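[1] sequence first, then the predicted structure, then my questions.
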Amino acid sequence: MDKDGSFVIMDYKQLVADALAPTMADTLSADDIYKKIERPKDSSMGDYAFPTFTLAKTFRKAPQQIATDLVEQLDQSKFEKVQVAGPYINFFLDKAAFSADILAQVSAQGADFGQNENGKGGNVPIDMSSPNIAKPISMGHLRSTVIGNSIAEILKKNGYNPIKDNHLGDWGTQFGKLIVAYLKWGNEDDVKKDPITNLVKYYVKFHQEDKEHPELDDEAREWFKKLEDGDAEAHRLWSWFRDESLKAFNQIYDKLGVTFDTYNGEAFYNDKMQAVIDELKEKGLLKESQGAQVVDLSKYDLNPALILKSDGASLYITRDIATAVYRDKTYHPAMNLYVVGSEQMYYFQQLKAVLTEMGLASAKDLHHIPFGLITVDGKKLSTRSGRIILLDEVLDDSIAMAKKQIAEKNPDLPNKDEVAKQVGVGAIIFGDLKNERMNSIDFNLADQLKFEGETGPYVQYARARAESILRKAADVTPAGENATINDPEAWETVKTLADFPAIVEEALADFEPSDIAKYSIRLAKAFNKYYAHSKILADDAEKPARLALVKSVSTILKESLRLLGVQAPDEM
């Protein structure tokens with residue numbers, strides 16, 4: 001502990017680097033040594049390892065001999081032991097000192113353990129979720145929503161100020177199609193009774209009919225042009241569709257526990273596009289091509305970006321340029337993030353290139369965060385084809401299945417309905433985020449709700465188990481600064497706890513929530529193994545230290561789940 005009462009976090013990797021540095025003063029810098037230090041996969045091979053392969057040419061010796069020579073020169077006093085294993089120098093930390101340090105930090109900092117101020121409060125708009133008005137939120141929208149929400153929490157943990165922007169798809173030619181479909185086949189009473197279901201039905205019918213009647217597409221383009229030009233009837237229908245859709249959307253977001261800072265959809269930028277078009281013209285960036293207006297991106301090895309169609313109508317990119325300019329002026333962002341499927345990677349390369357040509361200050365920090373598809377039974381979901389699996393129904397099914405499992409496992413559990421919601425919704429979110437975001441997911445609800453294996457309920461249950469132990473030992477205060485623990489099975493759990501701050505930074509560096517999810521699984525597994533092999537509640541001198549470990553595990557599992565947008569029940 002420092003003089004002001006705050007904890008100084010010991011960098012144990014640096015401890016290893018400092019021990020090695022004097023032995024290689026003329027060969028590698030301290031920074032280079034630090035970067036080469038590894039964590040062995042098998043803890044029996046030590047806690048840190050230094051490979052000597054790259055020194056073979058310099059020392060003109062076999063790597064194993066180099067390792068042996070270096071160990072003979074090392075000051076080993078700060079380690080339990082140091083061993084040579086082939087070309088590696090393996091360092092075993094002082095378990096008692098390390099454990100006491102880590103448990104003291106977590107005990108003192110609680111959920112703030114791992115918090116850093118790297119972001120210095122910088123604003124980070126996150127374009128996420130972004131469903132289309134008059135269409136249901138399907139399983140296809142899950143990934144952008146939960147990945148974006150988790151990245152927002154990870155940003156906060158790293159000292160940034162995330163601004164979650166649900167950039168609604170409330171503009172574009174699809175509204176011309178929807179208006180035509182409603183006027184031809186719609187019924188006002190039906191829409192009022194069940195707006196989303198019926199509006200989707202009309203939209204699907206439009207795409208079925210336009211195969212035989214391509215003139216419908218011309219009508220749709222005319223109605224969208226009317227909407228852009230401020231036609232009263234077109235605007236009335238559009239506004240009605242939007243209001244009804246938002247009511248339905250917010251019910252699902254409430255269930256997921258996801259909130260937004262702004263709902264500025266595409267329509268919000270409709271009156272901001274002309275200024276952008278004028279700027280592109282002033283800077284000599286707009287070129288005519290077959291009657292349309294484009295920006296030449298050949299210097300980026302990209303196709304021209306189509307900004308205005310030959311009839312003067314705008315496109316997605318026109319509005320996205322206006323959006324980026326607005327965010328740049330409003331937020332002065334440290335980063336500007338777009339959580340959008342991987343099929344749009346080329347599009348975002350074009351968008352970033354156009355913004356760079358315009359000289360937009362935040363263009364260099366624009367990041368597209370792509371992700372893979374979610375399929376069901378190996379088939380892609382599509383509103384246009386009518387193959388929709390509603391997210392709301394999946395969440396309800398998951399909650400119902402969780403409730404049934406809880407009734408079988410713990411029928412006397414208080415607040416069963418609330419816990420079932422936390423487990424059911426958490427299983428869906430965790431089941432998505434445990435996968436690296438670029439991987440596609442084939443969804444299976446039953447697999448995600450299992451209490452065994454790499455699932456949300458498994459992690460939640462490990463945390464609830466820790467809380468149960470603490471309730472049973474309510475008469476004993478967990479140790480604070482001097483939590484010396486000698487249980488052999490505790491070591492892996494303590495080391496895993498110590499990894500949390502680095503995982504928090506890595507998850508942001510890669511925009512990868514799965515780093516947090518995989519970490520939580522690893523910590524839950526380590527704790528469950530410790531629980532199975534140790535008498536935690538045995539009345540002896542180390543009981544307060546063991547309880548400090550249990551409390552630390554509970555704290556960090558809950559915090560890990562929170563960063564994913566998953567709740568952690570105290571009892572299950």
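    Great, that's in hand.
[2] and Pro87, how far from Ile37?
    Per C-beta to C-beta, to the nearest Å, Pro87 is found 14 Å from Ile37. Where you see a C-beta, it was placed from the backbone N, CA and C, and this is true even at glycine.
[3] kindly report the same for Leu15.
    10 Å.
[4] okay, strands next: where are they in the protein?
    48-51, 79-85, 88-93, 123-128, 161-166, 286-289, 292-295, 305-308, 336-339, 366-369, 374-376, 379-380, 441-443 (DSSP state E).
[5] tabulate the ones you listed (JSON lines), appending mean pLDDT and distance to Thr330.
    Output for these, formatted as JSON lines (pLDDT from 0 to 100; distance: least, C-beta to C-beta, whole Å):
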{"stretch": "strand 48-51", "mean pLDDT": "96", "distance to Thr330": "46"}
{"stretch": "strand 79-85", "mean pLDDT": "96", "distance to Thr330": "53"}
{"stretch": "strand 88-93", "mean pLDDT": "96", "distance to Thr330": "48"}
{"stretch": "strand 123-128", "mean pLDDT": "98", "distance to Thr330": "9"}
{"stretch": "strand 161-166", "mean pLDDT": "98", "distance to Thr330": "9"}
{"stretch": "strand 286-289", "mean pLDDT": "95", "distance to Thr330": "25"}
{"stretch": "strand 292-295", "mean pLDDT": "96", "distance to Thr330": "23"}
{"stretch": "strand 305-308", "mean pLDDT": "96", "distance to Thr330": "22"}
{"stretch": "strand 336-339", "mean pLDDT": "98", "distance to Thr330": "11"}
{"stretch": "strand 366-369", "mean pLDDT": "98", "distance to Thr330": "15"}
{"stretch": "strand 374-376", "mean pLDDT": "82", "distance to Thr330": "32"}
{"stretch": "strand 379-380", "mean pLDDT": "70", "distance to Thr330": "36"}
{"stretch": "strand 441-443", "mean pLDDT": "88", "distance to Thr330": "34"}
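[6] in CSV: those strands, plus distance to Ser468 and mean neighbour count.
    Listed next are these as CSV, based on distance: least, C-beta to C-beta, whole Å; neighbours: other C-beta atoms under 10 Å:
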stretch, distance to Ser468, mean neighbour count
strand 48-51, 34, 21
strand 79-85, 33, 16
strand 88-93, 30, 22
strand 123-128, 36, 25
strand 161-166, 34, 23
strand 286-289, 66, 13
strand 292-295, 61, 19
strand 305-308, 58, 21
strand 336-339, 37, 26
strand 366-369, 38, 20
strand 374-376, 35, 18
strand 379-380, 42, 12
strand 441-443, 32, 16
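[7] how many residues are close by Ala181?
    Neighbourhood size, Ala181 [other C-beta atoms under 10 Å]: 24.
[8] for Thr54, see how far away Val459 is.
    38 Å.
[9] neighbour count: the two, which is higher?
    Legend: neighbour count by other C-beta under 10 Å for Val459 and Thr54, higher for Val459 (28 against 14).
[10] contact partners for the more buried one?
    Each residue near Val459 by C-beta atoms under 8 Å, 6 or more residues apart in numbering is listed here: Phe430, Ser520, Ile521, Ala524, Leu557, Ser560, Leu561.
[11] mind listing what's buried in stretch 343-361?
    By 16 or more other C-beta atoms under 10 Å, the buried positions in stretch 343-361 come out as Tyr347, Phe348, Gln349, Gln350, Leu351, Lys352, Ala353, Val354, Leu355, Glu357, Met358, Leu360.
[12] need those in a markdown table with pLDDT and distance to Tyr160, can you?
    Shown next, in a markdown table, are these (pLDDT from 0 to 100; distance: C-beta to C-beta, whole Å):
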| residue | pLDDT | distance to Tyr160 |
| --- | --- | --- |
| Tyr347 | 98 | 25 |
| Phe348 | 98 | 21 |
| Gln349 | 98 | 24 |
| Gln350 | 98 | 27 |
| Leu351 | 98 | 22 |
| Lys352 | 98 | 20 |
| Ala353 | 98 | 25 |
| Val354 | 98 | 26 |
| Leu355 | 98 | 21 |
| Glu357 | 98 | 27 |
| Met358 | 98 | 25 |
| Leu360 | 97 | 20 |
